[in-house]
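[1] Fold the following, please.
(2 chains)
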Amino acid sequence: MMTSFERTISALSHKEGDRVPLFLLLSIYGAKEMQVSIKEYFSRPELILEAQIRMKKKYNNDCFYSFSYAPIEIEAWGGEVIFVEDGPPNSGENFIKSIDQISTMKVPDVRGDKNLARVLETTQMLKAEAGDETPIIGVVMSPFSLPVIQMGFEKYLELLYFHEAEFQKLMRINTEFCVEWANAQIEAGATAICYFDPLASPNIIEKEKYMATGNLVARETIGRIKGPTATHLASGIAFPVINEVTSTGTAVLGFSANDDLKEIKAAAKDRICLLGNLNALEMVHWSASQVESHVKNVIAEAGIGGGLILAENHGEIPWQVSEDTLIQISEAVRKWGNYPLDWVENG
Amino acid sequence: MHDTSKLSSILLEALININRIKANALFEKTFAESKDLALLEEVSVLALKEIGQGWESGEYSLSQVYMSGIICEELLGKFLPMSGVGEKPSPKMAIVVLKDYHSLGKKIVKSVLHAGGYKVMDFGQGLDVETIAEKTVENDIEILLVSTLMITSALQVMKLKERLKSLGSNAKIVAGGAPFRLDTELWEKVGADADGKNATDIIGVVEALFEGGKQP
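    Below you'll find the predicted structure:
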C-alpha cells in the first residue's frame, strides 16, 4: 500500500497509484473534532495538530491542511475578523476605505505577525508528524482575489475597471505579501500551496479581463513560490479557463461541481491534476446512497489514468456536514477508487 | 414605435463591455425621441435579464452583472427627474445582508429593482436575525430580500422566518446569495418564500409574490 504522499505524487504525475487520493480539506471542522470553539481552536497549534492527526485516521484522509481561515491574511494588514460558532471566520469592515489609500499602503511583515506565526508553528508541528508520508497543504489568497476582503467587492470592481494605476500598485503590494507568505509556509514544512483565486473563474470575472489582469499576476506570483501550487477557484467553474490557469505553472486545479466532468477531464489529461468536485453545500444533506453515487461518478468520469484527487469543490468542508457523511465519502473512495478501475473500464 | 428587443441588444452590448458612454448615448437618443422613461426601464430590464441568464450559463461574469446593474441604475436615475413620473406602485420592500459585510449581491438586486422602477429600503449589511426582524416589523415590510454569503448565515433564514412570525409579520422572504445558488433546494429547506439566486430575475419573483403567488 502506498503512503498518502506516494499516492498523491502518482495522481500529480498522471499515473494510477494504488487508489484515488482523498483530500478532505478540514479546517474549522477540527474545532468540532476537538470540541472547542473555533476561536480557541485556531489560537492553539497543538489542538490543530491533534485534530489533523485524528481526522486523517478517522476519514483515511490523504493530506494535512494547515489552513485556518481566509481573513487571517487581512489581520496582518490590520483588518477585522469576525468569529462565529458554526462557520468559517469572516472578514469584517473593509480596511481599505478608499482607492486613494492604496498609494500609501505597505507590505505587512509576514514573519512578525502573531496570527501568521501560529500557522507557521502549526505547519512545523505537522511536518514533524508527517515526515515524508503525508502531504501538508498550506494556503494563500491570490493577490488578485485578496482585495475582495481588503476593500469589498464593489470598490474592487471599480478599481479593476476604472483605476489602472492604483490596481497595479495594489497587485504589486499583494504579490510581495503572497510570495513571502507562501514561501514562509514552504520553509515551515508545507508540501504545496493552495492558491485560492476565485476571481479567476469566469463566473466572477470575464475571461478577457482575467487574462489581462489576474492571470498575469498569477504567472508572476506562482513563478516565485518555491514549491508546487494548486490553484483553487472555490466553487467557481474552471473549464473555460483551464488552459489559462495551466499556463501559470500551477500543478493542480480545484474545479467546480458545475463543471462538466468529461469535458474537464479531457482538457486536463496529462497536463494538470484535477482536485474536486463534490458539492460541499449539497453534501450537508446527502444520504449515504447519494454520497456513494457522487463519489463513484467523479471517479468513473475523471479517475482513469490518474490526474485526480477527490475532494469537495469549495476549499473547506462546511461545519454542517456530518461525520457520517465524511466517513461514507472515505468508504466510497476505498470501495470504488482502487486502481486499476476495472469496473469503469469494463463498463 | 421603438423596437425594444433591438434597443436591449444594443444596450446589452454596451453593458457587457462596461461601456457607460455607449449606454448613455443610447439612453439619450431613445429618451429624446420617446420622452418615455417606461421604455428605458423595459429596455434595461430586458438587457439585465439576458445578462443574468448569461451568468447562469457561464457566458457572462458576476462583475459584468454588477457593473451592468450599476450603469442602468445610474442612467435611469439621471432621466427620472426629466420624465415627470414617480415610482411604480409596489409592495413595501427591504433588502439586507444577514450576518455578513459582503454586499455585492445586495447592490446588484437593488440596481435591478431601481432599473425596473421599484423602490426598496436598504437595511444595510452585517445585521443579525433580531435586528432584521425588528426593522421589518417597524417598517411594515411585505417582501424582505435577504442576501447571504456563508452557509451558516443562509441557515439563519429559518430563524428569521420564525422570529418574524412570532412578531406578527407576514413578510415574504426572498433568499439569495452563493449558498442558495450552490444548493438549489436550500431556499425551501430554510422556509423562504422564494429563491433569488439570480439577481436579475428579481422583478419576476417580486411581482409573483406581490400578486400572492409563490416562486415563479
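
[2] What segments of the chain are strands?
    No chain was given, so I picked chain A. All strands of chain A, identified by DSSP state E, fall at A:64-65, A:81-82, A:90-91, A:136-141, A:192-196, A:229-232, A:252-254, A:273-278, A:308-312.

[3] wrong chain, I was asking about chain B
    For chain B, the strands identified by DSSP E occupy B:93-98, B:121-127, B:143-148, B:172-177, B:194-195, in order along the chain.

[4] coming back round to it: nearest to chain B, out of the strands of chain A?
    Comparing the strands of chain A against chain B with Cβ to the nearest Cβ, the closest turns out to be strand A:90-91 (6.3 Å). All C-beta spots, glycine's among them, are computed from the backbone N, C-alpha and C.

[5] Spell out which parts of chain A neighbour chain B.
    Residues of chain A that fall close to chain B, judged by Cβ under 8 Å from any Cβ of the partner chain: A:84, A:86-88, A:90-94, A:148, A:152-154, A:157, A:160-161, A:202-206, A:209, A:235, A:237, A:240, A:257, A:279-282, A:284-285, A:314, A:318-320.

[6] mind putting the strands of chain B in TSV, mean pLDDT, mean neighbour count and distance to chain A included?
    Written out in TSV, the entries for the strands of chain B read as follows (pLDDT from 0 to 100; neighbours: other Cβ atoms under 10 Å in any protein chain shown; distance: least, Cβ to the nearest Cβ, whole Å):
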stretch	mean pLDDT	mean neighbour count	distance to chain A
strand B:93-98	95	25	11
strand B:121-127	93	17	8
strand B:143-148	94	28	11
strand B:172-177	93	26	11
strand B:194-195	91	22	14
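
[7] Of these, which is nearest residue B:16?
    For those, distance to residue B:16 was read as Cβ to Cβ. The smallest value, 21.9 Å, belongs to strand B:172-177.

[8] partners of the closest one, with directions?
    Taking DSSP bridges as the criterion, strand B:172-177 forms sheet pairs with strand B:143-148 (parallel), strand B:194-195 (parallel).

[9] okay, the angle between that strand and strand B:93-98?
    Strand B:172-177 runs at 40 degrees relative to strand B:93-98, counting by axes from the mean of the first three to the mean of the last three Cα atoms, to 10 degrees.

[10] quick one: contacts of strand B:172-177?
    Surrounding strand B:172-177, the residues in contact under the criterion Cβ atoms under 8 Å, 6 or more residues apart in numbering or on different chains are B:105, B:109, B:142-149, B:154, B:157, B:160-161, B:164, B:186-187, B:190-197, B:199, B:202, B:205-206, B:209.

[11] Disregarding residues adjacent in the polypeptide, which is nearest to whichever residue of chain B sits closest to chain A?
    Closest residue of chain B to chain A, Cβ to the nearest Cβ: residue B:152 (3.0 Å). Closest residue to residue B:152 in three dimensions, ignoring its sequence neighbours and counting by Cβ to Cβ, 6 or more residues apart in numbering or on different chains: residue A:87, at 3.0 Å.

[12] Return the residues in contact with that neighbour.
    With contacts taken as Cβ under 8 Å, 6+ apart, residue A:87 has the following neighbours: A:28, A:318, A:319, B:150, B:151, B:152, B:153.

[13] Please render those residues as CSV that adds pLDDT and neighbour count to the earlier fields.
    Written out in CSV, the entries for these read as follows (pLDDT from 0 to 100; neighbours: other Cβ atoms under 10 Å in any protein chain shown):
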residue, pLDDT, neighbour count
A:28, 97, 23
A:318, 95, 20
A:319, 96, 20
B:150, 84, 22
B:151, 87, 26
B:152, 86, 22
B:153, 89, 23
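
[14] which one of the residues you listed is nearest residue B:119?
    Distance to residue B:119 across the contacts of residue A:87 (Cβ to Cβ) is lowest for residue B:153, with 25.6 Å.

[15] count of neighbours near the spatially closest residue to that closest one that is not a sequence neighbour?
    Of all residues not flanking residue B:153 in the chain, residue B:99 sits nearest, at 4.1 Å (Cβ to Cβ, 6+ apart). Applying the criterion other Cβ atoms under 10 Å in any protein chain shown, we find 22 residues in the vicinity of residue B:99.

[16] do the same with the one 3 residues further on
    The local packing count at residue B:102 equals 23, with neighbours defined by other Cβ under 10 Å.
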